[in-house]
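Trainee: coordinates only, sequence not included:
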């Protein structure tokens, strides 16, 4: 599919912001559909089957969260929230409701287009997903549970560490909340054990990052979760 044939649905009630986003996307050769209410957004999502949805949460008829819920009832299309709500609780709620990423207003043009490309690349990666990834000097085979560098030096990772990498890889370039990581790796009963998760992420960084204090791959989204930077295949 060419970029020109890809459709992005913008659900945003502020005409000025909608116009900026439209222009940025059209410069990247996307076809844009616009909606200014939650009801119109849900209708357009079903009608146009977009490749990506960008949505504001403060819509005039109802909260944008209802659009996320409505779309997620039938589609796995990438959803990026573009909102003035900066509270951590709002970010976490949107991500746990099914959004793939969250950008706060005001936003930079490069940030928006980069996040759009990451979200679409994530879909393409899942479609042809293998079981290996590269983090720095390390080549990791998630299926074989093995890790080594180009010189053949092996690296020991625990089963929990492999599972964390698997979940992060499923959302390459996108933020995964603490709760979602805990739920998928340790189970629903552990969804509030954030301190436990931080211990394991610190261990992973110590093993994989050239400088664990300034990670390049295993990135923190403060008070929200973690993000695996796009790895080299």
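Mentor: Yes, it's here. Model, not experiment: these values are computed from the prediction. Residues are numbered from 1 along each chain as shown.
Trainee: Report how many residues lie close to residue 165.
Mentor: 21 (other Cβ atoms under 10 Å). (Each C-beta comes from the backbone N, C-alpha and C, glycine too.)
Trainee: List the buried residues in the helix or strand containing it.
Mentor: Assigned by DSSP states H and E, residue 165 falls within helix 159-169. By neighbour count on 16 or more other Cβ atoms under 10 Å, the buried set for helix 159-169 is 161-169.
Trainee: Tell me the confidence at residue 145?
Mentor: Note on residue 145: pLDDT of 88.
Trainee: Got the phi and psi for it?
Mentor: When quoted as degrees, to the nearest 10, the phi and psi of residue 145 stand at phi 60, psi 50.
Trainee: Model confidence for the closest residue to it other than its chain neighbours, exactly?
Mentor: Leaving aside its chain neighbours, residue 145 sits nearest to residue 162 (5.6 Å; criterion: Cβ to Cβ, 6 or more residues apart in numbering). You'll see residue 162 listed with a pLDDT of 91.
Trainee: Verify the contact between residue 162 and residue 141 for me.
Mentor: No: Residue 162 is not in contact with residue 141 according to Cβ atoms under 8 Å; the separation is 9.6 Å.
Trainee: Surely residue 219 is in a helix?
Mentor: No: Residue 219 is assigned strand when assessed by DSSP: H, G, I helix; E, B strand; the rest coil, not a helix.
Trainee: List the residues that contact the residue nearest the centre of the chain.
Mentor: When the chain is reduced to its mean C-alpha position, the closest residue under Cα atoms, centre = their mean turns out to be residue 174, at 2.4 Å. Under the criterion of Cβ atoms under 8 Å, 6 or more residues apart in numbering, the neighbours of residue 174 are 100-101, 118-119, 122, 227.
Trainee: Any buried residues in stretch 78-95, and which?
Mentor: 78-83, 85, 90-95.
Trainee: Name the residues that touch the lowest-mean-pLDDT helix or strand in the chain?
Mentor: Across the helices and strands of the chain, mean confidence by mean pLDDT, DSSP states H and E is lowest for helix 109-127: a mean of 82. Contact with helix 109-127 is made by 6, 8, 20-21, 24-25, 28, 30, 51-52, 54, 78, 80, 82, 100-101, 103, 170-174, 230, as judged by Cβ under 8 Å, 6+ apart.
Trainee: Cool, thanks, signing off.
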